[in-house]
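# Sequence plus the predicted model coming up.
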Amino acid sequence: MTDRDDTARAAGIRAAACDRLIAAAGWGAATRRRLAGDASNRKYDRLTEGGRSAVLMDADPAKGEDVRPFLAIARALTERGLSAPAILAADEAAGFLLLEDLGDDLFARVLANEPDREVELYTAATDVLSALHAAPPVAGLKPYDGAVMGRMAALAVEWYRRAVTGEVSDPAGFAALVEGLKAELAPGEPVMILRDFHAENLLWLPERAGVARVGLLDFQDAMAGNRAYDLVSMLKDARRDVSPHAEERMVMHYITANGLDEALFRAEYAFCGAQRNLRILGVFARLSMHYGKPQYVDFIPRVWALLMRDLAHPALAPLAEAVAGLLPAPSPAGLQRIRDECGRHPLR
């Protein structure tokens, strides 16, 4: 039997498992339509039948996906009164979930049509973070601690620097610098962080009340980390420009709601912003160079601009100096080099 035959057989087995799940859940006659995916290997279909709809998640374990974290975090969020999709049916072994359909009103879409609602929607989402952080993190979450933050920030050296300069550098020293700054500037007790808390993963549900008005997606990679991280994710968005007015309002809203020291939190916020945007620089370069997804290169100039704003905080002067010595600003020629290397680089 050839590799092609094996692949076809595996695909047939998965398709049959999917059909069984859908039929057993009472959706066997539904129409299926592919929804836009994300940077992962997961796929999503919308099932419609009559006046009802649901969403099918296809997370193939053979491609490194695992639905169990999604199930665990969804339960935890729901227990906290937040709007994660309800689980309608699950085949954990095959990697299929049938989920409540929370609709199409992503923050990004609502704000594209009604930009004057930015403060309203982001205030509701900031309140979600305050509610989430008021409870202990879910037991068993992996720590997003200084060592992890350092390694993730160093992706910018490992992938972005290599992409635009052609030079290979040891990222260990850069990672250690970030780890040290974490201990100094963001030493607080960890909270649950969803890590992709931004306008493409937040849904507006005005028919619900309070913090439940914000639907949550793409939270399966949640970890235990710094309280500023998800606020940074939302307000320093790699995919859309958040107005300075809205950002400032939300930072102060979070500080006030949680009784925080403003100066200390602003340093924490700047550090988490710098760390996250360094990681994203590396991830977006890697998505093009290894995974063959050059469309993410288009976001790099915005991420760089956000990083420069983060590094302007005086507490981050050592990191700003290191970035200036290692990472070139994204020129048109440099961005084109990342595109030209699309899909050519294996993971090391």
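Ah, there it is. Residues are numbered from 1 along each chain as shown.

# any chance you could map the helices in the stretch 101-250 of the chain?
Secondary structure of the stretch 101-250 of the chain (DSSP state H, counting those that start in this stretch): helices at 107-113, 118-133, 146-153, 155, 162-165, 172-185, 229-235, 244-258.

# so who does A175 touch?
A147, G150, R151, A153, A154 (C-beta atoms under 8 Å, 6 or more residues apart in numbering). C-beta here means a position set from N, CA and C on the backbone, and glycine is covered the same way.

# Apply 10 Å and report the result again.
G146, A147, V148, M149, G150, R151, M152, A153, A154, L155, V157, E158 (C-beta atoms under 10 Å, 6 or more residues apart in numbering).

# that older thread, out of the helices of the stretch 101-250 of the chain, which one sits most buried?
helix 229-235 (a mean of 26; mean count of other C-beta atoms under 10 Å).

# Which parts of stretch 74-83 count as buried, going by neighbours?
A74, A76, L77, T78, R80, L82, S83 (16 or more other C-beta atoms under 10 Å).

# can you name the two of those that are farthest apart?
Longest distance between any two of the buried residues of stretch 74-83 is 12.9 Å, between A76 and S83; criterion C-beta to C-beta.

# follow-up on the earlier one: between the helices of the stretch 101-250 of the chain, which gets the lowest average pLDDT?
Lowest mean pLDDT within the helices of the stretch 101-250 of the chain: helix 162-165, a mean of 91.

# Report all helices and strands that it contacts.
Packed against helix 162-165 by the contact rule (3 or more C-beta pairs under 10 Å, 6 or more residues apart in numbering; DSSP states H and E) you find helix 262-289, helix 332-340.

# show me the contacts for the spatially most central residue of the chain.
Per C-alpha atoms, centre = their mean, the C-alpha nearest to the average position across the chain is that of D196, at 2.2 Å. D196 makes contact with 38-39, 202, 216-222, 230, 233-234, according to C-beta under 10 Å, 6+ apart.

# What of L316?
L316 makes contact with L181, L185, A267, A270, F271, G273, A274, Q275, D310, A322, V323, according to C-beta under 10 Å, 6+ apart.

# count of residues packed around the fourth one?
Yep, that's A270 we're talking about. Burial measure for A270: 24 neighbouring residues, criterion other C-beta atoms under 10 Å.

# where's it relative to A257, distance?
20 Å (C-beta to C-beta, to the nearest Å).

# quick revisit: any chance of the contacts of D196 in JSON lines with distance to S331 as columns?
As requested, these are arranged in JSON lines below (distance: C-beta to C-beta, whole Å):
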{"residue": "D38", "distance to S331": "28"}
{"residue": "A39", "distance to S331": "24"}
{"residue": "L202", "distance to S331": "33"}
{"residue": "L216", "distance to S331": "37"}
{"residue": "L217", "distance to S331": "34"}
{"residue": "D218", "distance to S331": "31"}
{"residue": "F219", "distance to S331": "35"}
{"residue": "Q220", "distance to S331": "36"}
{"residue": "D221", "distance to S331": "32"}
{"residue": "A222", "distance to S331": "36"}
{"residue": "D230", "distance to S331": "31"}
{"residue": "S233", "distance to S331": "27"}
{"residue": "M234", "distance to S331": "29"}
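
# By pLDDT, rank these and give me the bottom one.
Across these, no position has a lower pLDDT than A39, which has 57.

# still on that earlier bit, take the buried residues of stretch 74-83 and lay them out in a markdown table including distance to G292, secondary structure and pLDDT.
As requested, those are arranged in a markdown table below (distance: C-beta to C-beta, whole Å; DSSP: H, G, I helix; E, B strand; the rest coil; pLDDT from 0 to 100):
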| residue | distance to G292 | secondary structure | pLDDT |
| --- | --- | --- | --- |
| A74 | 31 | helix | 96 |
| A76 | 34 | helix | 94 |
| L77 | 33 | helix | 96 |
| T78 | 36 | helix | 96 |
| R80 | 38 | coil | 94 |
| L82 | 35 | coil | 98 |
| S83 | 34 | strand | 98 |
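
# Out of the helices of the stretch 101-250 of the chain, the one nearest P294 is which?
helix 162-165 (11.2 Å).

# contact partners of the closest one?
Contacts for helix 162-165 (C-beta under 10 Å, 6+ apart): 156, 168-169, 171, 281-282, 284-286, 288-289, 297, 300, 326-331, 333-341, 345.

# Quick one: buried ones out of those residues?
The neighbour count (16+ other C-beta under 10 Å) marks 156, 171, 281-282, 284-286, 288-289, 297, 300, 326-327, 330, 334-335, 337-338, 341, 345 as buried among these.

# ok so, going back, out of the helices of the stretch 101-250 of the chain, which is closest to A315?
Among the helices of the stretch 101-250 of the chain, helix 172-185 sits nearest to A315 (C-beta to C-beta), with 5.7 Å.
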